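*Asks:* this one's sequence-less:
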């Protein structure tokens, strides 16, 4: 299995940028499709962005398209989420997730992921 640890969260103002990281250890990171999810207080966890094992395919929820960029480095065993033009509604705990897959597919369903990090808090003040 793979262990995932998120970092990079914090308190920022609307319009600012943050870069989240997800560090993986354990089994071969390049065997895993990865995703970012978030959960705001009182709301269900939702998909934000995903990337396939090679980085050749990405997918975003509509609310972050054009503002967020997901990337991965299979040598450094890390995934990143570059978040620009942050809004108050982006405030949430952000989680990275992994699923062993060598398909081109990017998975957006929570139930498709087997491994989860503990989350990192992102707070955007308006």
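*Replies:* On my side now, so go ahead. For clarity, every value in this text was computed on a predicted model and none was experimentally measured.

*Asks:* just give me the residue closest to the centre of this protein.
*Replies:* The chain has residue 36 as the residue nearest its centroid, 2.3 Å off, counting by C-alpha atoms, centre = their mean.

*Asks:* please name the residues that touch it.
*Replies:* 20, 22, 47-50, 70, 79, 81, 94-97 (C-beta atoms under 8 Å, 6 or more residues apart in numbering). (Glycine included, C-beta is placed from N, CA and C.)

*Asks:* taking these, please make a ChimeraX selection of just the buried ones.
*Replies:* Selection of buried members from these for ChimeraX, criterion 16 or more other C-beta atoms under 10 Å:
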select :20,22,47,48,49,50,70,79,81,94,95,96,97
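
*Asks:* need the pLDDT of the closest residue to residue 70 other than its chain neighbours.
*Replies:* Nearest-residue entry for residue 70: residue 49, 4.1 Å, with adjacent residues in sequence omitted and distances by C-beta to C-beta, 6 or more residues apart in numbering. The per-residue pLDDT reported for residue 49 equals 98.

*Asks:* check the one 4 residues further on too.
*Replies:* pLDDT, the model's per-residue confidence, is 97 for residue 53.

*Asks:* next: residue 12.
*Replies:* 98.

*Asks:* my guess is the residue nearest to residue 70 contacts residue 62, does it?
*Replies:* No - counting by C-beta atoms under 8 Å, residue 49 does not reach residue 62; the two are 11.4 Å apart.

*Asks:* quick one, strands of the chain?
*Replies:* Using DSSP state E, the strands of the chain run over 2-7, 10-13, 18-26, 32-39, 46-51, 58-60, 68-73, 78-83, 92-100, 115-116, 120-125.

*Asks:* closest to residue 108 out of these?
*Replies:* Checking the strands of the chain against residue 108 by C-beta to C-beta gives strand 46-51 as the closest, at 4.4 Å.

*Asks:* angle of the closest one against strand 18-26?
*Replies:* Here strand 46-51 runs at an angle of 70 degrees relative to strand 18-26 (axes from the mean of the first three to the mean of the last three C-alpha atoms, to 10 degrees).

*Asks:* strand 46-51 - contacts with which helices or strands?
*Replies:* For strand 46-51, the elements it packs on are strand 32-39, strand 58-60, strand 68-73, strand 78-83, judged by 3 or more C-beta pairs under 8 Å, 6 or more residues apart in numbering; DSSP states H and E.
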